[in-house]
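> Just a sequence and a predicted model for now, questions to come.
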Protein chains: 4
Amino acid sequence: MKKTDKYAAIHYHDYLQLDAILSSQIPRSGLYENAAHEETLFIIIHQVYELWFKQILHEVGSVMNMFDKDHVDEKNIGIAVARIERVNEIMKLLIQQIQVLETMTPLDFLEFRNFLFPASGFQSFQFRKLEILLGLKIQQRFSYQSRPYYHEFDAKQQEEIQSMEQAKSLFDQIVQWLERTPFLQFDHFHFDVAYREAILKMIEAEKQAIIDSDYLDDDAKQARLVMIGVNGEYFGTVLDPIKHQERLDAGEIRISYKSMMAAILIHLYRDAPILQLPYRLLESITTMDELFTTWRYRHAQMVMRMLGKKTGTGGSSGFDYLMETVKRHQIFKDFQHVSTLLIPRSYLPVLPEKLQQELGFYYSFKS
Amino acid sequence: MKKTDKYAAIHYHDYLQLDAILSSQIPRSGLYENAAHEETLFIIIHQVYELWFKQILHEVGSVMNMFDKDHVDEKNIGIAVARIERVNEIMKLLIQQIQVLETMTPLDFLEFRNFLFPASGFQSFQFRKLEILLGLKIQQRFSYQSRPYYHEFDAKQQEEIQSMEQAKSLFDQIVQWLERTPFLQFDHFHFDVAYREAILKMIEAEKQAIIDSDYLDDDAKQARLVMIGVNGEYFGTVLDPIKHQERLDAGEIRISYKSMMAAILIHLYRDAPILQLPYRLLESITTMDELFTTWRYRHAQMVMRMLGKKTGTGGSSGFDYLMETVKRHQIFKDFQHVSTLLIPRSYLPVLPEKLQQELGFYYSFKS
Amino acid sequence: MKKTDKYAAIHYHDYLQLDAILSSQIPRSGLYENAAHEETLFIIIHQVYELWFKQILHEVGSVMNMFDKDHVDEKNIGIAVARIERVNEIMKLLIQQIQVLETMTPLDFLEFRNFLFPASGFQSFQFRKLEILLGLKIQQRFSYQSRPYYHEFDAKQQEEIQSMEQAKSLFDQIVQWLERTPFLQFDHFHFDVAYREAILKMIEAEKQAIIDSDYLDDDAKQARLVMIGVNGEYFGTVLDPIKHQERLDAGEIRISYKSMMAAILIHLYRDAPILQLPYRLLESITTMDELFTTWRYRHAQMVMRMLGKKTGTGGSSGFDYLMETVKRHQIFKDFQHVSTLLIPRSYLPVLPEKLQQELGFYYSFKS
Amino acid sequence: MKKTDKYAAIHYHDYLQLDAILSSQIPRSGLYENAAHEETLFIIIHQVYELWFKQILHEVGSVMNMFDKDHVDEKNIGIAVARIERVNEIMKLLIQQIQVLETMTPLDFLEFRNFLFPASGFQSFQFRKLEILLGLKIQQRFSYQSRPYYHEFDAKQQEEIQSMEQAKSLFDQIVQWLERTPFLQFDHFHFDVAYREAILKMIEAEKQAIIDSDYLDDDAKQARLVMIGVNGEYFGTVLDPIKHQERLDAGEIRISYKSMMAAILIHLYRDAPILQLPYRLLESITTMDELFTTWRYRHAQMVMRMLGKKTGTGGSSGFDYLMETVKRHQIFKDFQHVSTLLIPRSYLPVLPEKLQQELGFYYSFKS
């Protein structure tokens, strides 16, 4: 086709394919008698959700393309952050959207819900696709009525699902990207060793400060020393590669020890130029995970209000199932827990000068 | 068709017509070369807007059906309020949605905007339909480049527009519903007369309180007496049927004197049983009008950020035009102004006992 | 004091007591060395929460005053609804406010959290007061470290707490208000009898429709008949006064059978004039309960992000405790469940004409 | 004081100074008779606004400290962005807060507004301070009743205002920081020359594409060529240092030509490592400016609803004044307009290889 096709005039109506979009609302309650007024909202709100799922898949897919390499182009980190932040703006919209569906009352829903069986969100292919691409593992899934989730879909879609289940997820890509962090070891400086030493110093200093305090009585001192002790043990357990492996094997965590140390480094030295956007990437991904679980929670709440303890349109047991997924279907939980492994800046290991240069801009080095 | 068709099983994918919905995103920038990543968002966000416009038209249309009568069924006032409140929840979502579009930067928009000409929101038929149905009069419209707004549409749509322009709008229906309020005159009680007397009493009392004050110096007293005087004149002008007619003829206001007095009555005695939901109806409609203008404002702001002083995809001059409509395309302004005609409860005319009964529940009367 | 004191001029700064308000931010980290930049946000955001708690207590207290009677003035139902709706607007703000606190990172929190011990939200007296006034029963509370919640407060506050624990809560008042509903029995019409009959009719009709369906195979019919059967049993259990009493005694529910039937009546005939605002009252209270639990959920999420599995400033175990209260500290759950006891409008018992009159306006009766 | 003071136990109540905070709500309407219920909300909502203003001043002040240097530490750009983004989260909260104040009706406001005179937002010292620090110039201010804004404050505050008016604002600091951008000229590469050439190339290419188009008729081609011509002239005017100076002298713009070229460079090459956070800084500041004007707009809307065309508590003329400030009190408008000076990526001047290195990380250079 000639290059000038794109310049041909196009009307808004055709650009947005509004003939198709605006004729796709067919209330089931209207098949034989007057359509229930409320069914239109039910249809439209779910179509809007599916359009936004498509958009989110578009963004997440593009970020996964950038990270599907042994070396991510440094120009792309900023773009990846912007796209995840966009997904987060969309997620906030999807959460607020539930307030619109809540304007439909249980009494109104009764007018047409019997005619929707067994359609329900369980049959949303895009939603399952998104879960898999982000990194929800099938073993992690809370099974509903012992029925594998993919049975809701046709053969072609089930094939696609199998394929995605076996491919790398965004979670895998981020872990591998973290593992490639070159700053964990530099000349004789080993970050994990230096970090463990810094923690020991911190624990000692905190203990001493409590013991020296003129403002705490003995009971209070005791209680706080116990807390510090517990904290120290916690660090000891988590920052031990062998114990980490045990927890990995037991399925308690998913990330490798190396990627966890990289995540800690990025958090601690996040103001160093070369780490500023990697830090924002980890933050925006953790926020995205939290927004998804908030959406799950609000969805469960709405189902409770609409159906109570009864079954939903897909025969689901409603509230209990959805509340379970709030907890279980979190994906980037290990990244969230990095927050428990940080220490105050005053105790941070000082990085060797040459390493600080490595973390800086070429321009600064030159100057 | 047999009655049991509605019970046939239906899959979520078919119920929501997802084949059509999810295949309607055709980026223009992709016609010849790689589609610009950002064009997908542009398309999807406008399709989502159009789906919500359809929903809003569905709700507003149903309310207009209820009010297209000489007597509105008292059961329907509550339903009408609920539906307008739903429209308001949707409007809040549409306003927040602009934050999602703002994640697209001007530099990214430049990648594909040349291929969209002349498509733009000016060509949204549903949006124009909504403006007309709510009550935007053609004389009131801010003309863009002296080009009548309906020229953007084909012959069939222009016919539909003509038809709607001539039919009663929601604004007209509400005014006529207000005019039918039976409580403005009851036996020897004339609300407008009683109200004007109450206002005079209030003005006098306020003046006396200022004069008697030990805590204001003469200058302060003078300033405040002037303000009260101005206020008194204002009431005198607005609550005068002859001056009201002059303002109506001059096009400064749209509602009749009778409907204005009814709106005042409803605001003042809104806790009387029979007025509680009519009050909520006026409030929710005024809020709807405000939410529309807030959306116009945020839309103008976004266009300024995206295009600055340049022209948009429809050749529009962007910001200035849209900011003008924020002011000019407000529809229920006269109802908003009722707030200036209220007086403190302590000065309210006491309604005759028989009239109070008229405003109450049958059950209370019986007891 | 003379009546004109109120007219004395007052400056914004003094009206809002800004000297006090704006000098109340004393960072602990600043006592000896440079204050941590982030501690100001931590202080201010909690002060803002406490100001809003005061406002919520003001609104809830005023509603409880209205309902602390054997007969609630019908003018007050509308006002009560407006005030609960205001509380809900505030709750939405408090939920969004968490996003502001989330701009503080765990690394930044580490700069000053050691100096806050043992201050924490556990010591918010207004928050506990609000829980008790709304209706959270002490037996229902999830105990933290077997430590009664009131031990955080001084003797005077503990007395106030005891007093409130023994007084009627809003929950109690609403239940008693529902029990006073006069429309459950009218001449020979008994609503609960008529309702149970209507349900039986509905169950039979649904079964027959499934059996007659040409579009379901035998397995599908079987599955759906089972579901309908389960539903029928559910209704049978819940709408049985004796079984209801058993569940009350076992602490599974809190409301009386009579108040539950009243709530069902109000939901089903909510468009009847005299029930329109009682319906809105039940809805706004249920929404308020949901907003509180959403706030608890978001708060738990933020604590997880900030502290992970470590203990918080009050020595709390953070996330797990707070997530438990999301489920356990819901107060108006029984009202939420009324949604499971509704039936489609087409099956509703027709109310006797005289009863319909009782539910209407005096004005309509007269006409 | 000994170092261990900070470890002394502190109760939540004392940490937050709740004795002071929670006893600062004194309704004027309560001085002589029963306080109007609604006045508590009015007081508390303004106290909350003032607490957030303090927080915003804390963040903006800290950013201004970072930029009050001839060379901003590169570690601080990321921190500055995070703090401005926090201000933006707070602004969104302040905008939503207006919905809470809108739950107070005009009729309720009438119960106490006469007793507040002349207190009003005009007397908020923190708000004026924020305007000045951000960069609102006194000549730019829309004068209210020809009364200089600072007359609302006492002598000490007026002195502070004078001082701030004469000192550098954040706007000035950002402009100077932009002027220090070292990348506008590099060896023989002059960015502004290269950019103007690129624009000319783009204009020519666009014209040719239109002329060559098979899909536009002559009228359409003509119209579009005119638009492109207008666009070309626009670039010519704006990217001309002499014309820029004329506009500066006429007060049409505020930023220098050099800072404008730097802003354009940062936008165009924002994915280059050393420009990624400067880009985010410009974006977050522009967003902050937009959020302030949105707040002004919503505030004006609320005043219209509450007071209509009458005067407010400070004797202000309400709506018209506030709407004027929406337009006039925008501060970073020139940065917003940079969007009109961008061109599609495909036309961007290719930067010399050595310059690309300058924009990169030391680590990448080394590899």
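Done, it's in.

> Quick check: next helix or strand after the top helix by length along chain A?
The helix of greatest length in chain A, counted in residues with DSSP state H as the criterion, is given as helix A:273-307. Moving toward the C-terminus from helix A:273-307, the next helix or strand (DSSP states H and E) is helix A:319-328.

> can you give me how far the helix or strand just after that next one is from the chain middle?
Once helix A:319-328 ends, the next helix or strand along the chain (criterion: DSSP H and E) is helix A:333-337. The chain centroid and the centroid of helix A:333-337 are separated by 10 Å under Cα atoms, centre = their mean, to the nearest Å.

> Run through the neighbouring helices and strands of helix A:333-337.
If contacts are counted by 3 or more Cβ pairs under 8 Å, 6 or more residues apart in numbering or on different chains; DSSP states H and E, helix A:333-337 sits against helix A:273-307. Where you see a C-beta, it was placed from the backbone N, CA and C, and this is true even at glycine.

> Please see if the helix it packs on touches chain C.
Yes - using Cβ under 8 Å from any Cβ of the partner chain, helix A:273-307 comes into contact with chain C via A:283, A:286-287, A:290, A:293-294, A:297-298, A:301, A:304-307.

> Tell me how far the residue of the stretch 1-150 of chain A found nearest chain C lies from A:Leu282.
Residue of the stretch 1-150 of chain A nearest chain C, by Cβ to the nearest Cβ: A:Pro106 (3.5 Å). Using Cβ to Cβ, to the nearest Å, we find A:Pro106 at a distance of 42 Å from A:Leu282.

> More neighbours: those two, which one.
Neighbours around A:Pro106 and A:Leu282, counted as other Cβ atoms under 10 Å in any protein chain shown, are more numerous at A:Leu282. The numbers are 22 against 19.

> Settle this for me: A:Arg224 is touching A:Leu216, isn't it.
Yes - assessed by Cβ atoms under 8 Å, A:Arg224 is found in contact with A:Leu216 at 7.0 Å.

> Looking at these two, which one has more neighbours?
Taking neighbours as other Cβ under 10 Å, A:Arg224 and A:Leu216 compare with A:Arg224 leading, 23 against 19.

> re earlier: make TSV from the residues of helix A:273-307 next to chain C and add distance to C:Lys6, pLDDT and neighbour count to it.
Compiled in TSV, those are given as follows (distance: Cβ to Cβ, whole Å; pLDDT from 0 to 100; neighbours: other Cβ atoms under 10 Å in any protein chain shown):
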residue	distance to C:Lys6	pLDDT	neighbour count
A:Glu283	52	96	21
A:Thr286	53	95	21
A:Thr287	49	96	21
A:Glu290	49	95	21
A:Thr293	51	95	19
A:Thr294	46	96	20
A:Tyr297	48	94	24
A:Arg298	45	95	23
A:Gln301	45	92	22
A:Met304	49	87	22
A:Arg305	45	87	20
A:Met306	50	86	23
A:Leu307	53	81	21
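
> follow-up on the earlier one: the closest residue to the residue of the stretch 1-150 of chain A closest to chain C other than its chain neighbours and A:Lys92: what is the separation?
Once its chain neighbours are removed from consideration, A:Pro106 has its nearest residue in C:Ser339; the separation is 3.5 Å (Cβ to Cβ, 6 or more residues apart in numbering or on different chains). Using Cβ to Cβ, one gets 27 Å for the distance from C:Ser339 to A:Lys92.

> So which of these two has more stuff around it?
The neighbour comparison of C:Ser339 against A:Lys92 (other Cβ under 10 Å) goes to C:Ser339, with 22 against 18.

> that older thread, could you tell me which residues touch both of A:Arg224 and A:Leu216?
Jointly contacting A:Arg224 and A:Leu216 under the rule Cβ atoms under 8 Å, 6 or more residues apart in numbering or on different chains are A:Ile210.

> Pull up the residues of chain A that are close to chain D.
Proximity of chain A to chain D (Cβ under 8 Å from any Cβ) is limited to residues A:2-5, A:7-9, A:74-79, A:182, A:209-210, A:212-216, A:220, A:270-274, A:276-277, A:357-366.

> No further queries at this time; thank you.
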